[in-house]
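**Student:** Here you go, sequence then predicted model.
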Amino acid sequence: MVSINKYTLKSIHPYNLDETLYSGQSFKWVSLDISNDISDNWHQGIIDNRRVRLAQSKNNIYLWTAKKYADQDISTVSSYLRLDDDIEKIYLAISKSTYITSAIKKYRGLHLLRQPPWETLVTFICSANNNIPRIRQLVSAMSTKFGQKVTDTFGTFHLFPSSTALYNAGEESLRELGLGFRAKYVYAAAELDVNNIINVEKLVNKNYHESLDKLTHIPGVGDKIANCVLLFSLNKLEAFPVDVWIKRVLREVYIDATLPIPDSQIRPWAQKEFGEYAGYLNQYLFHNRRLFKSTIK
DNA sequence: ATCGAACCTCCAAT
DNA sequence: AATTGGAGGTTCG
(Lines give C-alpha, C1' and ligand atoms only; values in the text may rest on other atoms or scores of the structure.)
Protein backbone atom coordinates (compact mmCIF):
# COMPACT_ATOMS: atom_id res chain seq x y z
CA MET A 1 0.00 0.00 0.00
CA VAL A 2 1.52 3.26 -1.14
CA SER A 3 1.05 6.16 1.18
CA ILE A 4 -0.45 9.22 -0.47
CA ASN A 5 -0.56 12.51 1.33
CA LYS A 6 -1.22 16.18 0.88
CA TYR A 7 1.65 18.51 1.60
CA THR A 8 1.53 22.23 2.20
CA LEU A 9 3.85 24.62 0.41
CA LYS A 10 3.66 27.86 2.30
CA SER A 11 3.92 30.93 0.14
CA ILE A 12 5.01 34.03 2.01
CA HIS A 13 4.06 36.07 -1.06
CA PRO A 14 0.65 36.33 -2.75
CA TYR A 15 0.08 33.47 -5.17
CA ASN A 16 -2.67 32.79 -7.69
CA LEU A 17 -2.31 29.19 -8.84
CA ASP A 18 -5.31 29.07 -11.19
CA GLU A 19 -4.31 32.14 -13.17
CA THR A 20 -0.69 31.03 -13.26
CA LEU A 21 -1.25 27.50 -14.58
CA TYR A 22 -3.59 28.66 -17.34
CA SER A 23 -1.90 31.89 -18.38
CA GLY A 24 -0.50 30.56 -21.64
CA GLN A 25 2.96 29.62 -20.38
CA SER A 26 2.33 25.89 -20.13
CA PHE A 27 -0.09 23.86 -22.22
CA LYS A 28 -0.34 20.64 -20.27
CA TRP A 29 -2.16 21.33 -17.01
CA VAL A 30 -5.61 19.83 -16.62
CA SER A 31 -8.30 20.52 -14.09
CA LEU A 32 -9.36 17.39 -12.19
CA ASP A 33 -12.95 16.59 -11.41
CA ILE A 34 -12.06 15.44 -7.91
CA SER A 35 -12.89 16.97 -4.57
CA ASN A 36 -11.62 16.07 -1.14
CA ASP A 37 -11.01 17.60 2.26
CA ILE A 38 -8.42 20.01 0.88
CA SER A 39 -9.96 21.34 -2.33
CA ASP A 40 -12.49 20.75 -5.08
CA ASN A 41 -10.21 22.38 -7.61
CA TRP A 42 -7.18 20.16 -8.19
CA HIS A 43 -4.82 20.55 -11.14
CA GLN A 44 -2.71 17.78 -12.59
CA GLY A 45 0.48 18.24 -14.54
CA ILE A 46 3.93 16.84 -15.19
CA ILE A 47 7.11 18.57 -14.13
CA ASP A 48 10.22 16.92 -15.53
CA ASN A 49 9.67 13.23 -14.81
CA ARG A 50 7.07 13.58 -12.05
CA ARG A 51 3.31 13.89 -12.28
CA VAL A 52 1.90 16.06 -9.52
CA ARG A 53 -1.46 17.34 -8.33
CA LEU A 54 -1.74 20.88 -7.03
CA ALA A 55 -4.45 22.99 -5.43
CA GLN A 56 -4.62 26.26 -3.58
CA SER A 57 -6.47 27.44 -0.52
CA LYS A 58 -5.79 30.96 0.67
CA ASN A 59 -2.05 31.44 0.53
CA ASN A 60 -1.22 27.77 0.78
CA ILE A 61 -0.35 25.62 -2.21
CA TYR A 62 -1.16 21.96 -1.68
CA LEU A 63 0.76 19.13 -3.25
CA TRP A 64 -0.86 15.71 -3.44
CA THR A 65 1.70 12.98 -3.95
CA ALA A 66 3.18 9.73 -2.66
CA LYS A 67 5.02 10.09 0.62
CA LYS A 68 8.09 8.51 -0.88
CA TYR A 69 8.50 11.39 -3.36
CA ALA A 70 7.29 14.21 -1.16
CA ASP A 71 10.64 15.88 -0.49
CA GLN A 72 11.68 15.75 -4.11
CA ASP A 73 8.31 16.99 -5.37
CA ILE A 74 8.11 19.85 -2.89
CA SER A 75 11.44 21.09 -4.12
CA THR A 76 10.59 20.61 -7.82
CA VAL A 77 7.21 22.29 -7.51
CA SER A 78 8.56 25.22 -5.50
CA SER A 79 11.08 25.94 -8.21
CA TYR A 80 8.57 25.43 -11.03
CA LEU A 81 6.04 27.78 -9.45
CA ARG A 82 8.74 30.34 -8.56
CA LEU A 83 7.41 30.45 -5.00
CA ASP A 84 10.47 32.38 -3.89
CA ASP A 85 9.95 35.37 -6.20
CA ASP A 86 9.63 38.55 -4.16
CA ILE A 87 6.54 39.57 -6.05
CA GLU A 88 5.74 42.65 -3.97
CA LYS A 89 9.13 44.05 -4.84
CA ILE A 90 8.51 43.20 -8.48
CA TYR A 91 5.12 44.95 -8.38
CA LEU A 92 6.78 48.08 -7.09
CA ALA A 93 9.32 47.96 -9.89
CA ILE A 94 6.82 47.48 -12.72
CA SER A 95 3.92 49.68 -11.58
CA LYS A 96 4.52 52.29 -14.23
CA SER A 97 0.99 53.03 -15.39
CA THR A 98 -2.57 52.88 -14.12
CA TYR A 99 -3.20 50.17 -16.68
CA ILE A 100 -0.57 47.88 -15.16
CA THR A 101 -1.53 48.62 -11.55
CA SER A 102 -5.11 47.72 -12.39
CA ALA A 103 -3.94 44.48 -14.05
CA ILE A 104 -1.83 43.65 -10.99
CA LYS A 105 -4.80 44.30 -8.74
CA LYS A 106 -7.01 42.00 -10.81
CA TYR A 107 -4.52 39.14 -11.12
CA ARG A 108 -2.57 39.60 -7.92
CA GLY A 109 -0.43 36.52 -7.34
CA LEU A 110 -0.07 35.58 -11.00
CA HIS A 111 3.45 34.22 -11.38
CA LEU A 112 5.83 33.33 -14.12
CA LEU A 113 6.79 29.66 -14.22
CA ARG A 114 10.23 28.05 -14.39
CA GLN A 115 9.66 25.20 -16.83
CA PRO A 116 12.02 22.62 -18.32
CA PRO A 117 13.81 24.34 -21.24
CA TRP A 118 13.65 21.63 -23.89
CA GLU A 119 9.91 21.10 -23.73
CA THR A 120 9.34 24.84 -23.50
CA LEU A 121 11.32 25.33 -26.70
CA VAL A 122 9.42 22.63 -28.58
CA THR A 123 6.06 23.79 -27.22
CA PHE A 124 6.59 27.35 -28.38
CA ILE A 125 7.87 26.23 -31.78
CA CYS A 126 4.51 24.47 -32.01
CA SER A 127 2.72 27.67 -30.98
CA ALA A 128 3.65 29.51 -34.20
CA ASN A 129 0.58 30.61 -36.14
CA ASN A 130 -1.49 28.24 -34.04
CA ASN A 131 -4.26 28.33 -31.45
CA ILE A 132 -4.21 27.15 -27.85
CA PRO A 133 -6.37 23.98 -28.13
CA ARG A 134 -4.18 22.82 -30.99
CA ILE A 135 -0.95 23.57 -29.14
CA ARG A 136 -2.23 21.47 -26.23
CA GLN A 137 -3.19 18.71 -28.64
CA LEU A 138 0.25 18.66 -30.29
CA VAL A 139 2.12 18.58 -26.97
CA SER A 140 -0.09 15.74 -25.80
CA ALA A 141 0.26 13.82 -29.07
CA MET A 142 4.06 14.09 -29.08
CA SER A 143 4.21 12.87 -25.49
CA THR A 144 1.87 9.93 -26.04
CA LYS A 145 3.65 8.83 -29.18
CA PHE A 146 7.31 9.50 -28.37
CA GLY A 147 7.57 10.20 -24.64
CA GLN A 148 8.67 7.63 -22.07
CA LYS A 149 5.80 5.76 -20.46
CA VAL A 150 5.70 6.01 -16.67
CA THR A 151 3.48 4.45 -14.04
CA ASP A 152 2.81 6.17 -10.74
CA THR A 153 0.24 5.74 -8.00
CA PHE A 154 -2.39 7.54 -10.09
CA GLY A 155 -1.88 5.36 -13.19
CA THR A 156 0.22 5.62 -16.33
CA PHE A 157 1.24 8.66 -18.33
CA HIS A 158 3.92 9.81 -20.77
CA LEU A 159 6.78 12.23 -20.22
CA PHE A 160 7.52 14.95 -22.72
CA PRO A 161 9.84 13.34 -25.31
CA SER A 162 13.58 14.00 -25.13
CA SER A 163 15.43 15.55 -28.05
CA THR A 164 16.81 12.11 -28.86
CA ALA A 165 13.31 10.65 -28.97
CA LEU A 166 12.08 13.39 -31.32
CA TYR A 167 15.20 13.12 -33.46
CA ASN A 168 14.69 9.36 -33.79
CA ALA A 169 11.03 9.95 -34.56
CA GLY A 170 11.97 11.96 -37.64
CA GLU A 171 10.31 14.88 -39.37
CA GLU A 172 7.79 12.80 -41.25
CA SER A 173 6.24 11.15 -38.20
CA LEU A 174 6.04 14.53 -36.47
CA ARG A 175 4.17 15.78 -39.50
CA GLU A 176 1.79 12.85 -39.17
CA LEU A 177 0.90 14.03 -35.67
CA GLY A 178 -0.35 17.26 -37.21
CA LEU A 179 2.58 19.61 -36.59
CA GLY A 180 2.48 20.77 -40.22
CA PHE A 181 5.32 23.08 -41.27
CA ARG A 182 6.46 23.10 -37.61
CA ALA A 183 7.59 19.44 -37.92
CA LYS A 184 10.69 20.53 -39.83
CA TYR A 185 11.56 23.05 -37.11
CA VAL A 186 11.06 20.67 -34.18
CA TYR A 187 13.15 18.08 -35.96
CA ALA A 188 15.89 20.64 -36.65
CA ALA A 189 15.87 21.73 -32.99
CA ALA A 190 16.19 18.08 -31.91
CA GLU A 191 19.05 17.52 -34.33
CA LEU A 192 20.93 20.60 -33.05
CA ASP A 193 20.44 19.39 -29.47
CA VAL A 194 21.40 15.76 -30.12
CA ASN A 195 24.55 16.84 -31.97
CA ASN A 196 25.45 19.16 -29.14
CA ILE A 197 25.40 22.24 -31.36
CA ILE A 198 22.69 24.12 -29.47
CA ASN A 199 21.71 22.72 -26.05
CA VAL A 200 18.86 24.74 -24.71
CA GLU A 201 19.28 23.19 -21.24
CA LYS A 202 22.75 24.69 -20.99
CA LEU A 203 21.61 28.22 -21.80
CA VAL A 204 20.36 28.70 -18.25
CA ASN A 205 23.97 29.51 -17.36
CA LYS A 206 24.39 32.06 -20.14
CA ASN A 207 23.22 35.65 -20.13
CA TYR A 208 20.16 37.00 -21.91
CA HIS A 209 21.79 38.22 -25.10
CA GLU A 210 23.99 35.20 -25.68
CA SER A 211 21.04 32.87 -25.08
CA LEU A 212 18.79 34.93 -27.37
CA ASP A 213 21.39 34.73 -30.11
CA LYS A 214 21.72 30.94 -29.75
CA LEU A 215 17.98 30.38 -29.67
CA THR A 216 17.25 32.48 -32.74
CA HIS A 217 19.73 30.37 -34.69
CA ILE A 218 17.31 27.46 -34.36
CA PRO A 219 15.08 27.27 -37.45
CA GLY A 220 11.52 28.31 -36.64
CA VAL A 221 12.64 30.31 -33.62
CA GLY A 222 12.43 34.07 -34.03
CA ASP A 223 12.55 36.84 -31.47
CA LYS A 224 9.13 36.10 -29.98
CA ILE A 225 9.55 32.38 -29.37
CA ALA A 226 13.12 32.86 -28.14
CA ASN A 227 11.88 35.38 -25.58
CA CYS A 228 9.17 32.95 -24.43
CA VAL A 229 11.81 30.29 -23.80
CA LEU A 230 14.04 32.82 -22.03
CA LEU A 231 11.21 34.02 -19.80
CA PHE A 232 9.29 30.82 -19.09
CA SER A 233 12.20 28.44 -18.66
CA LEU A 234 15.62 30.10 -18.62
CA ASN A 235 15.02 32.45 -15.71
CA LYS A 236 15.55 35.65 -17.70
CA LEU A 237 13.04 38.05 -16.18
CA GLU A 238 14.03 40.83 -18.57
CA ALA A 239 12.83 38.78 -21.55
CA PHE A 240 9.88 40.36 -23.33
CA PRO A 241 7.97 38.28 -25.91
CA VAL A 242 6.10 40.53 -28.33
CA ASP A 243 3.07 38.79 -29.76
CA VAL A 244 -0.14 40.09 -31.26
CA TRP A 245 -1.73 40.76 -27.85
CA ILE A 246 1.27 42.58 -26.43
CA LYS A 247 1.54 44.67 -29.57
CA ARG A 248 -2.12 45.53 -29.29
CA VAL A 249 -2.03 46.57 -25.64
CA LEU A 250 1.22 48.53 -26.02
CA ARG A 251 -0.29 50.52 -28.86
CA GLU A 252 -3.41 51.13 -26.82
CA VAL A 253 -1.65 52.19 -23.65
CA TYR A 254 1.91 53.29 -24.29
CA ILE A 255 2.79 53.78 -27.94
CA ASP A 256 0.99 56.25 -30.17
CA ALA A 257 1.67 58.99 -32.72
CA THR A 258 3.56 61.03 -30.13
CA LEU A 259 5.76 58.04 -29.36
CA PRO A 260 6.11 56.15 -32.63
CA ILE A 261 8.00 52.86 -32.27
CA PRO A 262 8.37 50.57 -35.29
CA ASP A 263 7.46 46.90 -34.76
CA SER A 264 11.07 45.81 -34.91
CA GLN A 265 11.98 48.11 -32.01
CA ILE A 266 9.11 47.26 -29.66
CA ARG A 267 10.93 44.55 -27.69
CA PRO A 268 14.14 46.48 -27.00
CA TRP A 269 12.12 49.63 -26.35
CA ALA A 270 9.97 47.83 -23.76
CA GLN A 271 12.98 46.31 -22.03
CA LYS A 272 14.61 49.71 -21.67
CA GLU A 273 11.34 51.29 -20.57
CA PHE A 274 10.27 48.61 -18.07
CA GLY A 275 13.60 47.37 -16.73
CA GLU A 276 14.88 44.16 -15.17
CA TYR A 277 11.40 42.74 -14.51
CA ALA A 278 9.97 43.62 -17.93
CA GLY A 279 9.00 39.98 -18.35
CA TYR A 280 6.71 40.04 -15.35
CA LEU A 281 5.06 43.18 -16.66
CA ASN A 282 4.69 41.44 -20.02
CA GLN A 283 2.84 38.55 -18.40
CA TYR A 284 0.36 40.84 -16.66
CA LEU A 285 -0.21 42.93 -19.80
CA PHE A 286 -0.71 39.81 -21.87
CA HIS A 287 -3.00 38.06 -19.44
CA ASN A 288 -5.14 41.12 -18.84
CA ARG A 289 -5.49 42.00 -22.50
CA ARG A 290 -6.10 38.45 -23.68
CA LEU A 291 -8.89 37.81 -21.17
CA PHE A 292 -10.44 41.06 -22.35
CA LYS A 293 -10.62 39.87 -25.94
CA SER A 294 -14.18 38.57 -25.79
CA THR A 295 -15.30 42.16 -25.20
CA ILE A 296 -13.14 43.98 -27.71
CA LYS A 297 -10.95 42.74 -30.50
C1' DA B 1 16.66 46.93 -45.51
C1' DT B 2 11.69 46.31 -45.56
C1' DC B 3 7.26 44.15 -46.43
C1' DG B 4 3.84 40.93 -47.83
C1' DA B 5 2.70 36.33 -48.79
C1' DA B 6 3.03 31.51 -47.84
C1' DC B 7 3.22 27.93 -44.63
C1' DC B 8 0.32 22.85 -42.16
C1' DT B 9 -3.86 21.99 -39.91
C1' DC B 10 -8.15 22.52 -37.78
C1' DC B 11 -12.46 24.55 -37.06
C1' DA B 12 -15.59 28.43 -36.42
C1' DA B 13 -17.84 31.68 -39.04
C1' DT B 14 -19.97 32.74 -43.33
C1' DA C 1 -23.28 22.19 -47.16
C1' DA C 2 -19.07 24.03 -49.16
C1' DT C 3 -15.75 27.72 -48.55
C1' DT C 4 -13.06 31.05 -46.34
C1' DG C 5 -10.38 33.21 -42.76
C1' DG C 6 -7.60 33.09 -38.93
C1' DA C 7 -4.90 31.29 -35.07
C1' DG C 8 -0.11 33.89 -29.08
C1' DG C 9 5.01 33.38 -35.73
C1' DT C 10 8.80 32.63 -38.98
C1' DT C 11 10.76 32.35 -43.35
C1' DC C 12 11.27 33.33 -48.08
C1' DG C 13 11.06 36.08 -52.11
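**Tutor:** Happy to help now that I have it. Predicted model, so just to flag it, every value in this text is computed and none were measured.
**Student:** Around DNA strand B, pick out the residues from chain A.
**Tutor:** With C-beta under 7 Å from any atom of the strand as the criterion, chain A meets DNA strand B at residues A:129-130, A:133-134, A:175, A:178-182, A:184, A:262, A:264. (Each C-beta comes from the backbone N, C-alpha and C, glycine too.)
**Student:** Dump the residues you listed to TSV, plus pLDDT, neighbour count and distance to DNA strand C.
**Tutor:** Listed next are the residues of chain A next to DNA strand B as TSV, based on pLDDT from 0 to 100; neighbours: other C-beta atoms under 10 Å; distance: C-beta to the nearest atom of the strand, whole Å:
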residue	pLDDT	neighbour count	distance to DNA strand C
A:129	96	7	4
A:130	95	15	6
A:133	94	9	9
A:134	94	15	7
A:175	97	16	15
A:178	96	14	11
A:179	97	23	12
A:180	97	15	9
A:181	97	10	6
A:182	97	20	8
A:184	97	16	9
A:262	86	8	15
A:264	88	10	11
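**Student:** residues in contact with the closest residue in space to residue A:67 that isn't next to it in sequence?
**Tutor:** Distance criterion C-beta to C-beta, 6 or more residues apart in numbering; nearest residue to residue A:67, sequence neighbours excluded, is residue A:3 at 4.1 Å. Neighbour list for residue A:3: A:66-68 [criterion: C-beta atoms under 8 Å, 6 or more residues apart in numbering].
**Student:** same check, this time on residue A:113
**Tutor:** Contact partners of residue A:113, counting by C-beta under 8 Å, 6+ apart, are A:20, A:25-26, A:80-82, A:232.
**Student:** redo that, cut-off 6 Å
**Tutor:** Counting by C-beta atoms under 6 Å, 6 or more residues apart in numbering, residue A:113 touches A:25, A:232.
**Student:** likewise the one 3 residues further on?
**Tutor:** Taking C-beta under 6 Å, 6+ apart as the definition of contact, the neighbours of residue A:116 are residue A:48.
**Student:** for the strand or helix carrying residue A:269, which positions count as buried?
**Tutor:** Using DSSP states H and E, residue A:269 maps to helix A:266-274. Neighbour-count burial for helix A:266-274 flags A:266-267, A:269-271, A:273-274 (criterion: 16 or more other C-beta atoms under 10 Å).
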